[in-house]
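*Asks:* structure for this input, please:
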Amino acid sequence: MEEDFTMKNWKKLLAVGLSAAMMLGTLAACGGGNGSNTSSNTGSGSGDTSTGSDFPAANKSINMIIHASPGGLSDTNARFIGQLVQDELGVPVVAQNKTGGSGVVAMTYVKESNPDGYTVGYLPCELAMVKAQGLTEIIEPSAFDMIYACNIQPAAITVRADSEWDTIEDLIEWCKEHPGELQVGTSGTGSVWHIAADAFAKAAGIEINMVPFDGAATAVTNLMGGHVQMVPVSESEVASGVASGELKILAVCSSERSEFNPDVPTLQEIGLDVDVTAWGGFGVAKDTPDDVKEVLYAAFEKAVNSEEFKELAATKQYSPLLMDHEEFAAFAQEQYEFYTEYFADAQ
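*Replies:* As a prediction, this is how the structure comes out:
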């Protein structure tokens, strides 16, 4: 396939999936992450069969399963929204990070949990990718009952501020002179940021060396420590490093410049047809009782639409994705069908 991973049709696909959803709320002000939840609780294998009439039980916790390592965008979102849901429902929402397999480990855990509503998973965009890449046979959107979407953001090509590259053109020229030497940290093999790195490399005609980590936060930590030279992650995940002057974004992988870093060019501006966007939301095991899901629908909708979450998104530099369970399910399925065809064509 001539344009492997360049996502030429991504903008069109995304527009179709989002048009019915009336997504992307207006962002404002500032906020902070309520990262008070810990990862001390066990899974949902309690055998509880509570229904909406007594869900959630006062003596039980809801487990929030997160596929990425602590500190990244997915983790921050899940913990923050989990705290708002905890406040709304009056029971603990306990975060658990289960990393590995580009989200397969965590998503499999959620899929195989009791369908009682006490295990909720943060479902990343890899939900639509991992089966298409042959990383699993069981993880796809139809394997879950969706609750609510959450966030969306493009990849940002980021390097250390003291690197020798001041522009994206500088980096590309260096890579052509040093083929295969650029150490690129990703959030895991097969993850969306892995795809972003591959998209960039193929479009630019360069060779790079992928270094996978269990989440973007770990990749960024290794960039700041000098163990890798570039990361293609969200603006949110490098925002603090950019603000402190330790990191700089050379380009964003979107069709338009970012409102958060308006001086940074897009790859498309320099002739590289790359548009890689990540998204995420929440879901539970298939066949969770409808009355239980109704409770979760209402709590998560209120949390994602809250001013607190909009303020967090504005501060952390990403956009809320406002989709209810039906819209989110339809959108995720469209993404799955797109990636199934896309990776088949790329063989």
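
*Asks:* correct me, but residue 323 touches residue 281?
*Replies:* Yes. Residue 323 is in contact with residue 281 according to CB atoms under 8 Å; the separation is 7.0 Å. The C-beta positions use only the backbone N, C-alpha and C, and glycine is treated the same way.

*Asks:* who has more neighbours, the two?
*Replies:* Taking neighbours as other CB atoms under 10 Å, residue 323 and residue 281 compare with residue 281 leading, 30 against 27.

*Asks:* quick check: mean pLDDT of the one helix or strand that one maps to?
*Replies:* Under the criterion of DSSP states H and E, residue 281 resides in strand 277-285. Average pLDDT, strand 277-285: 95.

*Asks:* what distance separates that strand from the centre of its chain?
*Replies:* Chain-centre distance of strand 277-285: 8 Å, with CA atoms, centre = their mean, to the nearest Å.

*Asks:* do stretch 254-264 as well
*Replies:* 19 Å.

*Asks:* helices or strands up against the helix or strand encompassing residue 299?
*Replies:* Applying DSSP H and E as the criterion places residue 299 in helix 290-304. On a contact count with 3 or more CB pairs under 8 Å, 6 or more residues apart in numbering; DSSP states H and E, helix 290-304 meets helix 73-89, strand 144-160, strand 277-285.

*Asks:* which secondary structure elements does the shortest one contact?
*Replies:* Here strand 277-285 is seen to pack against helix 73-89, helix 104-111, strand 119-124, strand 144-160, helix 290-304 when contacts are counted using 3+ CB pairs under 8 Å, 6+ apart.

*Asks:* cutoff 6 Å now
*Replies:* Packing contacts for strand 277-285, counted by 3 or more CB pairs under 6 Å, 6 or more residues apart in numbering; DSSP states H and E, involve strand 119-124, strand 144-160.

*Asks:* for the chain, name the helix or strand with the lowest mean pLDDT.
*Replies:* Lowest on mean pLDDT, DSSP states H and E among the helices and strands of the chain sits helix 10-19, with a mean of 38.

*Asks:* and residue 184, helix, strand or coil?
*Replies:* Three-state assignment for residue 184 (DSSP: H, G, I helix; E, B strand; the rest coil): strand.

*Asks:* quickly list what it is bridged to.
*Replies:* residue 210, residue 230 (DSSP bridges).

*Asks:* please name the residues that touch it.
*Replies:* Going by CB atoms under 6 Å, 6 or more residues apart in numbering, residue 184 touches 197, 208, 210, 230.

*Asks:* cool, and residue 235?
*Replies:* Residues near residue 235 by CB under 6 Å, 6+ apart: 156, 260, 317.

*Asks:* quickly list what's touching both of residue 323 and residue 281.
*Replies:* Shared contacts of residue 323 and residue 281, defined by CB under 6 Å, 6+ apart, comprise residue 149.

*Asks:* residue contacts, the closest residue to residue 182 other than its chain neighbours?
*Replies:* Among residues not flanking residue 182 along the chain, residue 208 sits closest, at 4.6 Å (CB to CB, 6 or more residues apart in numbering). Residue 208 makes contact with 182, 184, 201, according to CB under 6 Å, 6+ apart.

*Asks:* the last one sits in which helix or strand?
*Replies:* If I follow you right, that is residue 201. For residue 201, the host element (DSSP H and E) is helix 192-204.

*Asks:* can I get that helix as CSV, trimmed to CA atoms?
*Replies:* Taking C-alpha atoms only, helix 192-204 is exported to CSV below (Å, rounded to 0.1, in the frame of the first residue of the first chain):
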residue,chain,number,x,y,z
VAL,A,192,-2.0,4.7,18.1
TRP,A,193,1.3,6.6,18.8
HIS,A,194,3.2,3.7,17.2
ILE,A,195,1.1,4.2,14.2
ALA,A,196,1.7,7.9,14.3
ALA,A,197,5.5,7.3,14.3
ASP,A,198,5.2,4.9,11.4
ALA,A,199,3.0,7.3,9.5
PHE,A,200,5.5,10.1,9.9
ALA,A,201,8.4,7.9,8.9
LYS,A,202,6.7,6.5,5.8
ALA,A,203,5.4,9.9,4.6
ALA,A,204,8.8,11.5,5.2
